[in-house]
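Asker: My questions concern the predicted model and sequence given below.
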Amino acid sequence: MQALRLTAWKSDPELIEVDEPEPGPGEVVVKVAGAGACHSDLHLMHDFTDGLLPWGPPFTLGHENAGWVEAMGPGVTGLAAGDPVAVYGPWGCGRCARCRVGMENYCERQAELGAAGGGLGHDGGMARYMLVPSDRWLVPLGDLDPVAAAPLTDAGLTPYHAIKRSLPLLGAGSTAMVIGAGGGLGHMGVQILAALTPATIIAVDQNQGALDRASQVGAQHGVISGEDAADQVRDITKGRGIDVCIDMVGVDATLALGAAVTRPMGHLTIVGIGGGTLPISFFSIAYEVSVATTYWGTIPELMEVVTLAAEGRITPHIQRFGLADAHTAYEAMQAGTLEGRAVIIPD
Ligand SMILES: [Zn+2]
Ligand SMILES: [Zn+2]
């Protein structure tokens, strides 16, 4: 079968013929319906070199996957061929205290495991079949279309986890700001905020088209990023500032904006791996603001995200690409012209 593989750091992925996977004991082969193209794939192609991570190429890209159970190895029970499933992405050890509660994104033994998951050291979903080494990483999709559901596993799960930690701050009269609101994670984050909270949602992005997309999925206000963005946010909140900032971008300018407008005791949550830095000193940020990075989400949270989608309360907006056109998707992502999430359809 053809697979889109990263064969070396600092290179473009290549379509390469590889053997179809066979499931060993406890393993499941999934026929991939869709594999989301993630902005972090661009970082994999461009920003890493040998030794920066405990894993590396060659591997098949695609860490945001859904499909159908194709074949099961010995010992796998409770699944049947043809079952539609989402593939949970961060693969932990399964035995540490974090993994035991489904928080494999924060596995305590990640360093010794090497690869971080399918499409992140292990072979991912940008091929007809994907080997999933444990059935605990499969979440049933019910009636959801696996192509449209693929982005739930990262573009949905990552903002869900980031928002969930701040729910106590997001009661009536509160304000949440999503930076990068028109992007793959942002448009899901806006929908999740609208589904879970009564907060007023302020979308921040670079152009009016992105703000329009955010407003179509639940943002009440839109602000174009730039020098007077902070003043606009202060005006919208009548000077009070925002309770929670979810920064899907994470460059210097977006971090500075979040720090400038987050009110005392608010949360500033950095989701985007844009590589910016946020200098913190006693007077540079409001009192008792908590700054946190978050990484992906937990297995129970993925089940909750799937439930929200099944109830029609969140819907990934997707653009479909064939495997041979994956490079087009990544070019559009780099150029900022994607509308919603690019999903690669291998078959
Ligand atoms: Zn991702
Ligand atoms: Zn673990």
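Answerer: Alright, I've got the coordinates. Here the structure is a predicted model, which is why all the values come from computation and not from measurement. Ligands and ions are numbered 1, 2, ... in the order given.
Asker: and the residue nearest to residue 180 when sequence neighbours are not counted, how many neighbours?
Answerer: Nearest residue to residue 180, sequence neighbours excluded (C-beta to C-beta, 6 or more residues apart in numbering): residue 248, at 3.5 Å. Bear in mind the C-beta positions are built from the backbone N, C-alpha and C, glycine included. For residue 248, the neighbour count with other C-beta atoms under 10 Å is 30.
Asker: OK, contacts around residue 248?
Answerer: When contacts are counted by C-beta atoms under 8 Å, 6 or more residues apart in numbering, residue 248 touches 159, 178, 179, 180, 181, 183, 185, 186, 189, 271, 272.
Asker: And those residues, which of them are buried?
Answerer: Buried subset of the contacts of residue 248 (neighbour count, 16 or more other C-beta atoms under 10 Å): 159, 178, 179, 180, 181, 183, 185, 186, 189, 271, 272.
Asker: Among these, which lie within strands?
Answerer: Among those, the members found in strands (DSSP state E) are 178, 179.
Asker: Tell me the residues on this protein that lie near ligand 2, please.
Answerer: Proximity of the chain to ligand 2 (C-beta under 5 Å from the ion) is limited to residues 92, 93, 96, 99, 107, 109.
Asker: if you set the cut-off to 8 Å instead, what comes out?
Answerer: Neighbours of ligand 2 within the chain, by C-beta under 8 Å from the ion: 92-100, 104, 107-110, 113.
Asker: Just give me the closest of the buried ones among the contacts of residue 248 to residue 306.
Answerer: Using C-beta to C-beta, residue 159 comes nearest to residue 306 of those, at 14.5 Å.
Asker: quick one: that closest one from residue 190, how far?
Answerer: Distance, residue 159 to residue 190, by C-beta to C-beta, to the nearest Å: 9 Å.
Asker: now swap in residue 82 and tell me
Answerer: Remark: distance between residue 82 and residue 190 (C-beta to C-beta) = 34 Å.
Asker: Between those two, point out the one with more neighbours.
Answerer: More crowded of residue 82 and residue 190, by other C-beta under 10 Å: residue 190, with 28 against 9.
Asker: Contact partners for that one?
Answerer: Counting by C-beta under 8 Å, 6+ apart, residue 190 touches 178, 181, 201, 203, 214, 217, 218, 219.
Asker: can you give me the strands in the stretch 151-300 of the chain?
Answerer: In the stretch 151-300 of the chain, strands defined by DSSP state E, counting those that start in this stretch lie at 175-179, 200-205, 221-224, 242-247, 262-270, 290-293, listed in chain order.
Asker: in the stretch 1-150 of the chain, which spans are helices?
Answerer: Along the stretch 1-150 of the chain, counting by DSSP state H, counting those that start in this stretch, helices occupy 39-46, 97-100, 110-113, 146-149.
Asker: Show me which residues of the stretch 1-150 of the chain sit near ligand 1.
Answerer: Contact residues (C-beta under 8 Å from the ion) of the stretch 1-150 of the chain with ligand 1: 36, 38, 39, 40, 41, 63, 64, 89.
Asker: which one among these gets closest to ligand 2?
Answerer: Using C-beta to the ion, residue 89 comes nearest to ligand 2 of these, at 14.4 Å.
Asker: Got phi/psi on that closest one?
Answerer: Backbone geometry at residue 89, expressed as degrees, to the nearest 10, gives phi -90, psi -40.
Asker: For burial, what's the neighbour tally of it?
Answerer: Neighbours of residue 89 (other C-beta under 10 Å): 28.
Asker: Tell me the pLDDT of it.
Answerer: Residue 89 carries a pLDDT value of 98.
Asker: For the residue lying closest to residue 132 once chain neighbours are set aside, give the beta-bridge partners.
Answerer: Closest residue in space to residue 132, ignoring its immediate chain neighbours: residue 28 at 4.7 Å, by C-beta to C-beta, 6+ apart. Judged by DSSP bridges, the bridge partners of residue 28 are residue 72, residue 132.
Asker: How are the helices of the stretch 151-300 of the chain distributed by residue range?
Answerer: 157-164, 184-196, 208-216, 229-236, 252-261, 299-310.
Asker: roughly how far apart are the residue of the stretch 51-200 of the chain found nearest ligand 1 and residue 129?
Answerer: Relative to ligand 1, the nearest point of the stretch 51-200 of the chain is residue 154 (4.2 Å; C-beta to the ion). Computed with C-beta to C-beta, the distance linking residue 154 and residue 129 is 20 Å.
Asker: who's more crowded, those two?
Answerer: residue 154 (26 against 23).
Asker: Name the nearest residue to that one, sequence neighbours excluded.
Answerer: Residue 154's closest residue in space is residue 64 (C-beta to C-beta, 6+ apart), at 3.9 Å.
Asker: In the residues of the stretch 1-150 of the chain next to ligand 1, find the pair that's most separated.
Answerer: Spatial extent of those (C-beta to C-beta) is set by the pair 39 and 89 at 14.3 Å.
Asker: related to what we said a few turns ago, so the residue nearest to residue 132 makes contact with residue 136?
Answerer: No - with contacts counted by C-beta atoms under 8 Å, residue 28 stays clear of residue 136, the gap being 10.1 Å.
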